[in-house]
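Q: Need a 3D model of the sequence below.
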Amino acid sequence: MVGGDYVAKELKCLADDGRLVFIAFLRGVKAELDIFEVMRKRLVVTGSTLRPRPVAFKGAIAKSLREKVWPLIEAGKIKPQICKTFPLDKASEAHRLMESSQHIGKIVLAL
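A: Okay, here's the model as predicted:
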């Protein structure tokens, strides 16, 4: 979801035969791509957006998530990666961490 100047880092993170899927572009739509990195690791780079897709298609995705993924979340088999939790009155610190891009996982504000 990052794109832009972050693509090089995303490619380096991928294992051989890895796949990079873009669903957003928070750091821009243009990127420099190391084609040799893609070839050497046999990577797949692709993307998609739901906005132009028909409502029925989006509904089918929602139904599939409800049937296949939601039970795994409820069972605790899929959990979000939490980087750090901040009390609400420290929201500015949480925002600074987010802006620094030095985190991996979710930044949580606790009420």
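Q: Contacts for the helix or strand that contains His95 next, please.
A: Taking DSSP states H and E as the criterion, His95 maps to helix 91-100. Applying CB atoms under 8 Å, 6 or more residues apart in numbering, the contact partners of helix 91-100 are Cys83, Lys84, Phe86, His103, Ile107, Leu109. Any C-beta I mention is one placed from the backbone N, CA and C, and that applies to glycine too.
Q: just checking, what packs against the helix or strand containing Met39?
A: Assigned by DSSP H and E, Met39 belongs to helix 35-41. Counting contacts by 3 or more CB pairs under 8 Å, 6 or more residues apart in numbering; DSSP states H and E, helix 35-41 is packed against helix 7-13.
Q: State the phi and psi torsions of Lys106.
A: phi -90, psi 150 (degrees, to the nearest 10).
Q: again, but for Val108
A: Note on Val108: its backbone torsions stand at phi -110, psi 140 [degrees, to the nearest 10].
Q: I figured it hits Lys84, correct?
A: Yes. Using CB atoms under 8 Å, Val108 makes contact with Lys84 at a distance of 7.4 Å.
Q: on that earlier part again, what two of the contacts of helix 91-100 have the greatest distance between them?
A: Greatest spatial distance among these (CB to CB): His103 and Leu109, at 13.7 Å.
Q: Looking at pLDDT only, which of the contacts of helix 91-100 scores worst?
A: Least confident by pLDDT among those: that is His103, with 91.
Q: How about the secondary structure of that residue?
A: Secondary structure, DSSP: H, G, I helix; E, B strand; the rest coil: His103 is coil.
Q: Any chance you could give me the helix holding Met39 in CSV, C-alpha atoms only?
A: Extracted as CSV, the C-alpha positions of helix 35-41 are listed here (Å, rounded to 0.1, in the frame of the first residue of the first chain):
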residue,chain,number,x,y,z
ILE,A,35,14.1,-5.0,-13.0
PHE,A,36,17.1,-7.2,-12.2
GLU,A,37,15.8,-7.7,-8.7
VAL,A,38,12.5,-8.8,-10.1
MET,A,39,14.2,-11.2,-12.5
ARG,A,40,16.7,-12.6,-10.1
LYS,A,41,14.1,-13.4,-7.5
